[in-house]
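**Student:** Mind folding the following:
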Amino acid sequence: MSASDVAATTGPDGEPTLDRSVTLFQITLYGLGSMLGAGIYGLVGQAAGQLGSAVWMAFVVSMIAAMLTGLSYANVVSRHPKAGGAAYVTQRAYGIPMLSYVVGLAVVCSGLTSIATQSNVVAASVQKLLGLEAVPVWVLAFGFLLIVAGILLRGIKESMYFNVVCTIIEASGLLLVIAVSVSYWGSNPLTEFPPETSHNGDMGAIAVLIMQGAVLTFFSFIGFEDMLNVSEECKDASRNVPLAIILAMVGATIIYMAVAISAVSVMHWSELPKELALVEVVKRAAPWFPPIILSVVTIFAVSNTALVNWIMGSRLLYGMSRQGLMPQALGKVHATRRTPHVAILTLLAIVMVLSLLGDIKALAQATVLLLLTVFTVVNVALVVLKRRPDEKPGKFEVPIIVPILGAIVCGSLIVVRLFQAGGVVAPAIAFGLIALIALMYFVTGAGRDQERLQRFIEQDDAAAEA
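**Tutor:** Alright, predicted model coming up:
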């Protein structure tokens, strides 16, 4: 290996660095795959129950709301393409290590619950599909986790190849729904609201109804934040990641709208089931189509969600370690594979334990609240950085009103989630997790090396200048 090759694979300290090989196409599909999960198969039915055949409007409004924070993330990554993601920009804006620590681990927690949940979903689906009732679900879940861990340890290139395959398959499932339904378009009106909620066509009441539906569909766009944490592995990250965030969100919106229109065209909105509505739509529109194929598509969609969250979590732990907020071992990069192997294996151990807990729905709902809190913190952080005179702009900048509105939207959604029906279990778990993470900060002594934190930021500034 030549001296130039060594320099390209090692940092200033001589340690191996992450492999900067991810292209614009790959990072766009990474974000799209993160958003196009299996949840859309049930979400359409739930949203139709609120909005009737006008369910497609909710996706337009929720995309606009989500895009505010998505654009803020695009602006952040354009300035600071760091694996630490939200934790790094929080530290840079506020200079409070404990807040940065809580923000970073809150995002990791959301990924851990998702991986554990998806592992059990995949295991149960494979068990049913292959007739493996004699094999315990936890054994299949562990096998799935080991396979994903092996792909991640192999390298970011292999991980992205697997993500591209999974994303194409899960997108194909949704495109199939559209293809078999397009001949039904126009069969039913697309602006029919439930009679008990439409208030005789009062526009103000209808606007409120659409906003309520948008609150539900907003969460179908969560996933754009994962793209921030792989920016150190992207080619020309300051340009490509912001562009990929926008392309992924627009692509998801087009697919979601077309799927929603297809669903309420094939079946009257009142007939759509709350669960697996799209499966019923395909059965009605194309009874000849083998339902087993949709089961396979769902497995790939769920597997992709687990993969993306695992990549995100491991890179976030790696970035926080380099920043001085986590043990140095988590920042180690394998010399050959150039992956954060210690962080990947650490998450493997944790998700194996979580997968044994069974139903962790309440924990998953709680981490959604944590993500909204993180979005609010990041939006405000961007406002702080934009108002700081010595902060250099990136290749992609948005007006300051964008993060301000993003913070307002996310703050409003937190209030909605806190007071919506379902009790206080999820909020209690969310606040409990924040308290636990804060306690861990003091117990572990994270962030005490202020010089290391400042040196990391200074190195970033020096690299930007160069």
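
**Student:** what stretches of the stretch 51-200 of the chain score poorly on pLDDT?
**Tutor:** By pLDDT under 70, the low-scoring segments of the stretch 51-200 of the chain are 196-200.

**Student:** do that again at 80, thanks
**Tutor:** 194-200 (pLDDT under 80).

**Student:** residue ranges for the helices of it, please.
**Tutor:** For the stretch 51-200 of the chain, the helices defined by DSSP state H, counting those that start in this stretch cover 55-79, 86-94, 97-130, 137-154, 156-181.

**Student:** pLDDT on stretch 443-460, on average?
**Tutor:** Stretch 443-460 shows a mean pLDDT of 68.

**Student:** Distance to residue 253 for the helices of the stretch 51-200 of the chain - can I get that in CSV?
**Tutor:** (Glycine included, C-beta is placed from N, CA and C.) Formatted as CSV, these follow (distance: least, C-beta to C-beta, whole Å):
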stretch, distance to residue 253
helix 55-79, 4
helix 86-94, 23
helix 97-130, 22
helix 137-154, 28
helix 156-181, 12
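
**Student:** got CSV for those helices, with mean neighbour count and distance to residue 333 too?
**Tutor:** Output for those, formatted as CSV (neighbours: other C-beta atoms under 10 Å; distance: least, C-beta to C-beta, whole Å):
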stretch, mean neighbour count, distance to residue 333
helix 55-79, 24, 20
helix 86-94, 26, 17
helix 97-130, 23, 18
helix 137-154, 18, 12
helix 156-181, 20, 11
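
**Student:** Indicate which one of those helices is closest to residue 19.
**Tutor:** helix 156-181 (5.2 Å; C-beta to C-beta).

**Student:** what's whatever helix or strand comes next after the closest one packed up against?
**Tutor:** Later in the chain than helix 156-181, the nearest helix or strand by DSSP states H and E is helix 203-218. Where contact means 3 or more C-beta pairs under 8 Å, 6 or more residues apart in numbering; DSSP states H and E, helix 203-218 is packed against helix 40-51, helix 55-79, helix 401-419.

**Student:** For the first one, list the C-alpha coordinates in CSV.
**Tutor:** This means helix 40-51. Provided in CSV are the C-alpha atoms of helix 40-51 (Å, rounded to 0.1, in the frame of the first residue of the first chain):
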residue,chain,number,x,y,z
ILE,A,40,-47.4,2.0,5.6
TYR,A,41,-49.3,-1.2,5.0
GLY,A,42,-51.4,-0.5,8.1
LEU,A,43,-51.1,3.3,8.2
VAL,A,44,-53.3,3.9,5.2
GLY,A,45,-56.2,2.1,6.8
GLN,A,46,-55.8,4.0,10.1
ALA,A,47,-55.5,7.4,8.3
ALA,A,48,-58.5,6.6,6.1
GLY,A,49,-60.6,6.1,9.2
GLN,A,50,-59.9,9.7,10.2
LEU,A,51,-59.9,11.4,6.8
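
**Student:** next one: it to chain centre, how far?
**Tutor:** 20 Å (C-alpha atoms, centre = their mean, to the nearest Å).

**Student:** cool, the longest one as well?
**Tutor:** A distance of 13 Å separates the C-alpha centroid of helix 55-79 from that of its chain, computed with C-alpha atoms, centre = their mean.

**Student:** SS state for residue 19?
**Tutor:** coil (DSSP: H, G, I helix; E, B strand; the rest coil).

**Student:** shouldn't it be in contact with residue 155?
**Tutor:** Yes: counting by C-beta atoms under 8 Å, residue 155 is a contact partner of residue 19 at 6.5 Å.

**Student:** shared neighbours, the two?
**Tutor:** Listed as contacting both residue 19 and residue 155 by C-beta atoms under 8 Å, 6 or more residues apart in numbering are 338-339.

**Student:** Helix or strand: which one has residue 325?
**Tutor:** For residue 325, there is no enclosing helix or strand under DSSP H and E.

**Student:** sorry, back to before: so which of the helices of the stretch 51-200 of the chain gets nearest residue 408?
**Tutor:** Across the helices of the stretch 51-200 of the chain, closest to residue 408 is helix 55-79 (C-beta to C-beta), at 8.6 Å.

**Student:** by how many degrees do that closest one and helix 203-218 diverge?
**Tutor:** Here helix 55-79 points in a direction 60 degrees away from that of helix 203-218 (axes from the mean of the first three to the mean of the last three C-alpha atoms, to 10 degrees).

**Student:** what's helix 55-79 packed up against?
**Tutor:** Short answer (3+ C-beta pairs under 8 Å, 6+ apart): helix 55-79 packs on helix 40-51, helix 203-218, helix 237-266, helix 361-386, helix 401-419.

**Student:** outside of the first one, which residues touch it?
**Tutor:** If I follow you right, that is helix 40-51. For helix 40-51, using C-beta under 8 Å, 6+ apart, the contacting residues are 55, 57-58, 174, 193-194, 197, 209-210, 212-213, 216-217, 220, 256, 259-260, 263-264, 269, 272-279, 298.

**Student:** Could I get the contacting residues of residue 292?
**Tutor:** Neighbouring residues of residue 292 by C-beta under 8 Å, 6+ apart: residue 129.

**Student:** and it, what pLDDT?
**Tutor:** 86.

**Student:** Pull out the buried positions in the strand or helix carrying it.
**Tutor:** In the assignment (DSSP H and E), residue 292 maps to helix 291-323. Buried residues in helix 291-323, defined by neighbour count with 16 or more other C-beta atoms under 10 Å: 294, 297-323.

**Student:** Flag every buried residue along the helix or strand that that helix is followed by.
**Tutor:** Tracing the chain past helix 291-323, the next element assigned as helix or strand by DSSP H and E is helix 341-355. Neighbour-count burial for helix 341-355 flags 341-344, 346-348, 350-352, 354-355 (criterion: 16+ other C-beta under 10 Å).

**Student:** TSV for those, including pLDDT and distance to residue 333?
**Tutor:** Shown next, in TSV, are those (pLDDT from 0 to 100; distance: C-beta to C-beta, whole Å):
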residue	pLDDT	distance to residue 333
341	95	8
342	95	9
343	95	9
344	96	11
346	95	14
347	95	15
348	95	17
350	93	20
351	93	21
352	93	23
354	88	25
355	87	27
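
**Student:** starting at the chain centroid, how far to whatever helix or strand residue 29 lives in?
**Tutor:** Here residue 29 sits within helix 24-35, counting by DSSP H and E. Distance of helix 24-35 from its chain centroid, counting by C-alpha atoms, centre = their mean, is 11 Å.

**Student:** Against which helices or strands is it packed?
**Tutor:** Against helix 24-35 (3+ C-beta pairs under 8 Å, 6+ apart) you get helix 156-181, helix 237-266, helix 291-323.

**Student:** Which among those is found nearest to residue 135?
**Tutor:** Set against residue 135 and scored by C-beta to C-beta, the helices and strands packed on helix 24-35 come closest in helix 291-323, at 15.8 Å.

**Student:** May I have the residues that are in contact with the closest residue to residue 69 other than its chain neighbours?
**Tutor:** Nearest residue to residue 69 in three dimensions, chain neighbours excluded: residue 406, at 4.3 Å (C-beta to C-beta, 6 or more residues apart in numbering). Contacts for residue 406 (C-beta under 8 Å, 6+ apart) come out as 68-69, 71-72, 375, 379.
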